[in-house]
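Participant: pasting a predicted model and its sequence here:
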Amino acid sequence: MPEHAIQSLRNKMDALGCDACFSVAPPTNQYLSGLMTAFYEISSAIVVTSNEAHFLCDFRYTEQANEEVTGFTITEISGDQIIRGAEKLNDLGAKKVLFDPHGLTFAEYERWNNKLSGEPVPNATLADELRLVKSAEEIDTIREASELAEGVLIDILPQLTEGVIEKEIAALFEFEFKKRGASGCSFDTIALFGAKSSLPHGEPAQKKLSPGDIMLFDFGCRKNGYCSDMTRTYVYEKSPGDWFDEIYNVTLEAQLAALDAIKPGVIGQDIDGIARSIISDAGYGEFFGHGLGHGVGIEIHENPRLNKESKTILQPGMVVTNEPGIYLPGKGGVRIEDLVVVTEEGCDILTKETKELTVISNS
């Protein structure tokens, strides 16, 4: 947990005229308390006032909370954590309660609000604003996750031999992540061979590796509660043709130009536009259909965004991806992705593996 997290939240409460804040969103609660859990279910409820901070969890997490949570009074509860949170707010006499509407489903909100005596005050940017700029400690943790994941890639490359299937390689990434100290993947690993590389988020399946295949790997691990993200595209034994060499070089040109533009004061959509114009001018604009990048931290996709609509002005300490791609249906695709930290002078590239077109030959 960054040392400034609770104070930053209290500053936000003061600015909005609120005397309390409530959260059951696992990523936000990890950021505020330090408790690391899976994100697929509610594991805790947090209540913060101007002078108190309460962490509510059931029996499953009490022992872990006592070891990991700092700066909070920990209370073991039973039953519905959302209802218990409302009851705690009522006990504290909360009048105006700040919450992030992204952290509750509509049904959960109704359940909470029906028990809450005070006035709920939604703020859709609450979590984003708290986590937008990373502390030095957070950046170091992301760097560690990135180095671990990239080390796995480097060790897998010599194991890419004819006949290996996509699912085997995806599973190998995920096994090695945990073996080397990560808690798991940032997201399901993408390992695609041949024409399937035209699927930006394709599912690894039974495709066997053959000479002339494109190999696209998009992967990341979660270590100490923070994510990494990286993509590299290779060819096996030989290029599938001049068409591929062309789209690879165009993608790389766009990626490098965007890297040069990442610095404080630049708007997200402008960086996206730099990469997009290079790809469009080469005649492939319709085949680059996603945003250039996104923030990475406790969650694999968080703000800031680098896309056509992003008005975010980059600041030192933001962590973003830079991942242009060209995807030709039925033929194949390219994506090249780095994870970078915005610095005072420009950006620090966390991912180091070469981006030059590389032929892998392990026969």
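Facilitator: Received the coordinates, thanks. This is a predicted model, so every value here is computed, not measured.
Participant: can you list the weak-confidence ranges in the stretch 101-250 of the chain?
Facilitator: Applying pLDDT under 70 to the stretch 101-250 of the chain flags no residue at all.
Participant: strands along that one, start to end?
Facilitator: Secondary structure of the stretch 101-250 of the chain (DSSP state E, counting those that start in this stretch): strands located at 119-122, 184-185, 190-193, 214-219, 221-223, 226-227, 230-236.
Participant: with only the CA atoms kept, save the last one in PDB.
Facilitator: Provided in PDB are the C-alpha atoms of strand 230-236 (Å, rounded to 0.1, in the frame of the first residue of the first chain):
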ATOM      1  CA  MET A 230       4.300  -7.400 -23.000                       C
ATOM      2  CA  THR A 231       3.900  -8.600 -26.600                       C
ATOM      3  CA  ARG A 232       6.400  -9.800 -29.100                       C
ATOM      4  CA  THR A 233       5.900 -11.300 -32.500                       C
ATOM      5  CA  TYR A 234       8.300 -13.700 -34.200                       C
ATOM      6  CA  VAL A 235       8.500 -16.000 -37.200                       C
ATOM      7  CA  TYR A 236       9.500 -19.700 -37.100                       C
END
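Participant: which neighbouring elements make contact with that strand?
Facilitator: Secondary-structure packing of strand 230-236 (3 or more C-beta pairs under 8 Å, 6 or more residues apart in numbering; DSSP states H and E): helix 136-156, strand 214-219, strand 332-335, strand 359-360. Quick note: C-beta positions are derived from backbone N, CA and C, even for glycine.
Participant: now tabulate those in TSV and tack on distance to residue 167.
Facilitator: Formatted as TSV, those follow (distance: least, C-beta to C-beta, whole Å):
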stretch	distance to residue 167
helix 136-156	14
strand 214-219	13
strand 332-335	19
strand 359-360	18
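Participant: to residue 350, which of the ones you listed lies closest?
Facilitator: Proximity to residue 350 (C-beta to C-beta) singles out helix 136-156 among the helices and strands packed on strand 230-236, at 4.4 Å.
Participant: pull out the buried residues from that closest one.
Facilitator: 138-139, 141-146, 148-150, 152-153, 156 (16 or more other C-beta atoms under 10 Å).
Participant: elements contacting that helix?
Facilitator: helix 166-179, strand 214-219, strand 221-223, strand 226-227, strand 230-236, strand 338-342.
Participant: switch the cut-off to 7 Å
Facilitator: helix 166-179, strand 214-219, strand 221-223, strand 226-227, strand 230-236 (3 or more C-beta pairs under 7 Å, 6 or more residues apart in numbering; DSSP states H and E).
Participant: would you turn the strands of the stretch 101-250 of the chain into a markdown table with mean neighbour count and distance to residue 286?
Facilitator: Shown next, in a markdown table, are the strands of the stretch 101-250 of the chain (neighbours: other C-beta atoms under 10 Å; distance: least, C-beta to C-beta, whole Å):
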| stretch | mean neighbour count | distance to residue 286 |
| --- | --- | --- |
| strand 119-122 | 15 | 38 |
| strand 184-185 | 16 | 31 |
| strand 190-193 | 26 | 21 |
| strand 214-219 | 25 | 19 |
| strand 221-223 | 26 | 33 |
| strand 226-227 | 26 | 30 |
| strand 230-236 | 22 | 19 |
